[in-house]
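[1] Have a look; sequence and predicted model below, questions after that.
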Amino acid sequence: MDMQMKRGLLDICVLAAIKNEDSYGYKIIKDVKPYLSISESTLYPILRRLEEAGCLTVRSEEYNGRLRKYYSITSAGQTRIKDFAEEWKEITAVYEYVTREEKES
Amino acid sequence: MNRQEYLDEIKDKLLGLSEEDIDKALDFYMEAIDDRMEDGLTEDQAVAAVGSPDEVAEEILMETPLPKLVSAKVKPKRSLKVWEIVLIVLGFPVWFPLLLALGSVALALVITALSLVFSLIVVDIAWGIGGIIAFFAGVVGLFVGEGAAALLQIGLSLVLMALSIVLFIPCKAVMLWGLELLSRFVKWLKKKFIRKTANK
């Protein structure tokens, strides 16, 4: 897949992974992996970027005697997902146009 | 590689970034390894699964803004020895003009490219404004009784305005293309820079 495109999609997938409930790094990776290849080294910059953009917030919570960071989505993050879904409708329309069967005349 | 060696190596590669940035990254990777080990991997396997320190550092550095990156990497990682300082000071008449020249050439290239694009737009807008002024002058001329000459001027002014509107589209395209090229150039520069310092 085109690198630029994958970058954009990964942002949205990470937001989608925390959309319904707060999550932590390893769980996000496990959730997103079936759809896009992702590893810690790609996830970390994405989380920082999304945090800086105000799309998610981070808090540390104790788990099993150590600290774990939990990420929760903000309303700005929810808006990002909604915008993406809207945009995707347009892309689907283009896809259908591009791959349409040739009509027999 | 065990967990501590792995984290130390990442820290080494990020040296120069602010302490806060480094600590944040190390916390994240520590948690990642712990979570994977809890999932049943051995320490070695967990470290390998998280990604090589080179990969980790490169992703973080690519996300860091260029000025911050340069100041982080240019800062020497150890204090300079006396002979190095002497060399730098003595060599000043040699390296300073060279560096200045190199920097000026790069800056001149960027400025030239930007002004080329800018001049296109200025010309386009000037045509539009010139057209409007010529149009009103022509109308006035018509009333003053210059007849044919005034009509010709009005006609020419309309052509000018039309050209300005039509040419605005390619001008804008060239401008956007120029900006895209510039951002790609910065990205490329960043990549070179990171590769070079990462191999040290």
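    Looks like it came in fine.
[2] for the helix or strand hosting residue A:9, packing partners?
    Assigned by DSSP states H and E, residue A:9 falls within helix A:3-17. Contacts defined by 3 or more CB pairs under 8 Å, 6 or more residues apart in numbering or on different chains; DSSP states H and E place helix A:3-17 against helix A:25-32, helix A:40-52, helix A:75-98. Just so you know, the C-beta spots here come from the backbone N, C-alpha and C atoms, and that holds for glycine as well.
[3] between these, which gets nearest to residue A:9?
    Counting by CB to CB, residue A:9 lies closest to helix A:75-98 out of the helices and strands packed on helix A:3-17; the figure is 8.7 Å.
[4] Can you name every helix or strand that that closest one contacts?
    Using 3+ CB pairs under 8 Å, 6+ apart: helix A:75-98 touches helix A:3-17.
[5] give the contact list for residue B:56.
    Residues in contact with residue B:56, defined by CB atoms under 8 Å, 6 or more residues apart in numbering or on different chains, are A:40, A:41, A:44, B:10, B:13, B:25, B:29, B:50.
[6] In the record's domain split, what are the boundaries for chain B?
    According to automatic domain parsing, chain B is divided into the following domains: B:3-78, B:89-198.
[7] Please convert the ones you listed to CSV, extending it with distance to residue A:17 and mean pLDDT.
    Formatted as CSV, the domains of chain B follow (distance: least, CB to CB, whole Å; pLDDT from 0 to 100):
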stretch, distance to residue A:17, mean pLDDT
domain B:3-78, 15, 84
domain B:89-198, 27, 86
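[8] Longest helix in chain B, by number of residues?
    Taking DSSP state H as the criterion, chain B has its longest helix at helix B:92-144.
[9] if I look at the spatially most central residue of chain A, how far off is chain B?
    Among the residues of chain A, the one closest to the centroid is residue A:13, at 2.0 Å (CA atoms, centre = their mean). Distance, residue A:13 to chain B, by CB to the nearest CB, to the nearest Å: 17 Å.
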